[in-house]
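coordinates only, sequence not included:
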């Protein structure tokens, strides 16, 4: 139950460091892979295995290339989301959930970095996507970490809710 979890300053510092380290690692990995993709895939496609290939595209919209003209708005929304996720960090418990949340934040920061620095004006930049499965929209490392991080956090929230329900008198009927 949440009331029995230690809530010491050390626990908060460890969780914050885990989230910040995961965010920073994802941001760096994302930007390194995007720099490579821009340099290596400018004029070619690399077929890897089955339907997986690397193909460079620039996305000025959001999910599935929707909202192509909303760059500055999307940048502001991303800033708000990152801030809210950072505030929400107190709700995650455990190392995996902290790393998952860090992946979400780092991925959001990676795509935000593209919007801010890969364009002629603030927020007008395009997100670099390059992982092409040919049966799913093209994505990047940031998108992958956002997705996996979300799954990890949701599993953690579900497990904690089940534990809490099992520990309460109402849940043991």
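Alright, I've got the coordinates. On a predicted model such as this, the values are computed, not experimentally measured, just so you know.

contacting residues around the longest strand seen in the chain?
When the chain is parsed with DSSP state E, its longest strand is strand 52-59. Residues outside strand 52-59 that contact it (C-beta atoms under 8 Å, 6 or more residues apart in numbering): 37-38, 41-42, 45-48, 65, 118, 126-134, 138. Backbone N, C-alpha and C define where each C-beta goes, glycine included.

now that strand: average pLDDT?
For strand 52-59, mean pLDDT is 95.

show me what the next helix-or-strand element following that strand is packed against.
Once strand 52-59 ends, the next helix or strand along the chain (criterion: DSSP states H and E) is helix 71-88. Judged by 3 or more C-beta pairs under 8 Å, 6 or more residues apart in numbering; DSSP states H and E, helix 71-88 is in contact with helix 95-117.

now the helix it packs on: buried residues?
96-116 (16 or more other C-beta atoms under 10 Å).

pLDDT of the helix ranked longest in the chain, averaged?
Ordering each helix of the chain by length in residues (DSSP state H) puts helix 9-40 first. Here helix 9-40 scores 92 as its mean pLDDT.

partners of the helix or strand that it is followed by, with directions?
Counting by DSSP H and E, the next helix or strand C-terminal to helix 9-40 is strand 46-49. Strands that pair with strand 46-49, judged by DSSP bridges, come out as strand 52-59 (antiparallel).
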